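Student: Predicted model follows, preceded by the sequence.
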Amino acid sequence: MSTNNFLPFSKPCIDESTIAAVGETLRSGWITNGPKVLEFEKQLSAYFGGRPVRTFNSGTCTMEIALRIAGIGAGDEVITTPISWVATANVILEVGATPVFADVDPVTRNIDLDKLEAAITPRTKAIIPVYLAGKPVDMDKLYAIAARHKLRVIEDAAQAIGSTWQGKPIGSFGDFVSFSFQANKNITTAEGGCLVLNNAAEAALAEKYRLQGVTRSGWDGIEVDVLGGKYNMTDIAATIGLGQFAQLNTITAQRRKLAKHYFATLGKDFEKQTGAQLPPAELANTNWHLFQIVLPERITRADFMARMKEQNIGIGYHYAAIHLFKLYRALGFKEGMFPIAERIGRQIVSLPMFATMTEVDVEHVCAAMKDVLAG
Ligand SMILES: *Cc1c(COP(=O)(O)O)cnc(C)c1O
């Protein structure tokens, strides 16, 4: 691309046939949840090995609903990572439970499973691991810990559609698995999400929590026995989702190719020369939702972002350490509690990464970054 064009850090890639299909849905006379939602859920379920799947209007509410289905509320502790979008911890507060954090692994930037296990108390009821940038944690170890301590798992796989563990798609095994289809995710419905569940009883509860707690029977039977919200996906969104889902393998393959090109272009001495830290170079399991580096302390993230912007390159920022937000400080969290997360939260940046980017774009980003980090 020419340096006159701005390269964003992320961009949805929606093909013409999807755009045409949305037009058809709009003309069909049925635009909210209907046949397209059912078809999208059916295709997702097939991909996740036949497990029940329900769609929602955000990834955030899928996690809140999973916590409700698991019966988690006041007095219960839920352990998660401080390096995630704040939604991951907010849903714990939303159901009245107590968030507990465990520090992250400096290499993967995901929750450190040993520290997670050390944070378990008799009040711990669930854990919410996050797969930052789409990279799963050690799934065998995660589920061994959950089994040992009888904990529910709500996987925040918001970024991990298309990622795998030992050849199996994330979501095709485990306990609750939550995905987001927000606009920056690998596949999108503009806003939306889905939850993979364990059985028909959980799926029925998910449907109730999704729409005001309502159960219908016969022509006119209606009953409300739990408090639900308004979280359903529209057929317009599901039409986008169906078009995107058909592209999932292509999108994942292109992102893997771009990640590989980042490593090759930056070269094996990049970390030594600049003091920046690359992500783990594991290419097969990860969907490369993000390509993130941790900057050396000698440059501030704001400076780095501004100088890359001067070269027409957009840089993302995922994420600030959650426990240092005012809302969480008011609960007693403070600086020094999770030092690795705090350093990463200060210095992490996301380089441009989206499926319609080219290898030339990658080279342009690498050259600009080497220039900025040189002084
Ligand atoms: C995007 C994201 C969410 C929230 O998903 P929404 O669809 O925006 O509600 C939660 N956790 C992580 C890690 C995310 O990346």
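Tutor: Arrived safely, thanks for sending. Quantities reported herein were computed from a predicted structural model and do not represent experimental measurements.

Student: How is this structure divided into domains?
Tutor: Following automatic domain parsing, the chain resolves into domains at 16-245, 249-374.

Student: Looking at those domains, spot the one closest to Pro8.
Tutor: domain 249-374 (4.2 Å; C-beta to C-beta). All C-beta atoms are positioned from the backbone trio N, CA, C, and that covers glycine.

Student: What residues does the chain have near the ligand?
Tutor: Residues of the chain found near the ligand (C-beta under 6 Å from any ligand atom) are 58-60, 84-85, 87-88, 130, 156, 158-159, 180, 182, 193.

Student: Now the stretch 51-200 of the chain against the ligand: closest residue?
Tutor: Proximity of the stretch 51-200 of the chain to the ligand (C-beta to the nearest ligand atom) peaks at Gly59, 2.8 Å away.

Student: residues contacting that residue?
Tutor: Residues in contact with Gly59 (C-beta atoms under 8 Å, 6 or more residues apart in numbering) are 87, 158, 178-182, 185, 192-193.

Student: Just the ones in strands from these, please.
Tutor: Judged by DSSP state E, strands contain the following of those: 178-180, 193.

Student: rewinding a little: looking at the domains of the chain, which is nearest to Asn5?
Tutor: Of all the domains of the chain, it is domain 249-374 that lies closest to Asn5, at 6.6 Å by C-beta to C-beta.

Student: How far does the closest one stretch from one end to the other?
Tutor: One end of domain 249-374 sits 37 Å from the other (C-alpha to C-alpha, to the nearest Å).

Student: what does stretch 307-316 give?
Tutor: Distance across stretch 307-316, first residue to last, is 13 Å (C-alpha to C-alpha).

Student: again with stretch 71-85
Tutor: Termini of stretch 71-85 sit 23 Å apart (C-alpha to C-alpha).

Student: Give me the buried positions along it.
Tutor: Neighbour-count burial for stretch 71-85 flags 72, 76-85 (criterion: 16 or more other C-beta atoms under 10 Å).

Student: now swap in stretch 88-99 and tell me
Tutor: Applying a neighbour-count criterion of 16+ other C-beta under 10 Å, the buried positions in stretch 88-99 are 88-92, 95, 97-99.

Student: farthest pair in those residues?
Tutor: Across the buried residues of stretch 88-99, the longest distance by C-beta to C-beta is 14.3 Å; it joins Thr88 and Thr98.

Student: ok, now which ones touch the closest residue to Val107 other than its chain neighbours?
Tutor: Spatially, and ignoring its direct neighbours in sequence, Val107 is nearest to Pro280 (5.8 Å; C-beta to C-beta, 6 or more residues apart in numbering). Contact analysis of Pro280 by C-beta under 8 Å, 6+ apart lists 107-108, 135.

Student: picking up where we left off before, reformat the buried residues of stretch 71-85 as a markdown table; add pLDDT.
Tutor: Output for these, formatted as a markdown table (pLDDT from 0 to 100):
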| residue | pLDDT |
| --- | --- |
| Ile72 | 98 |
| Asp76 | 98 |
| Glu77 | 98 |
| Val78 | 99 |
| Ile79 | 99 |
| Thr80 | 99 |
| Thr81 | 98 |
| Pro82 | 98 |
| Ile83 | 98 |
| Ser84 | 98 |
| Trp85 | 98 |
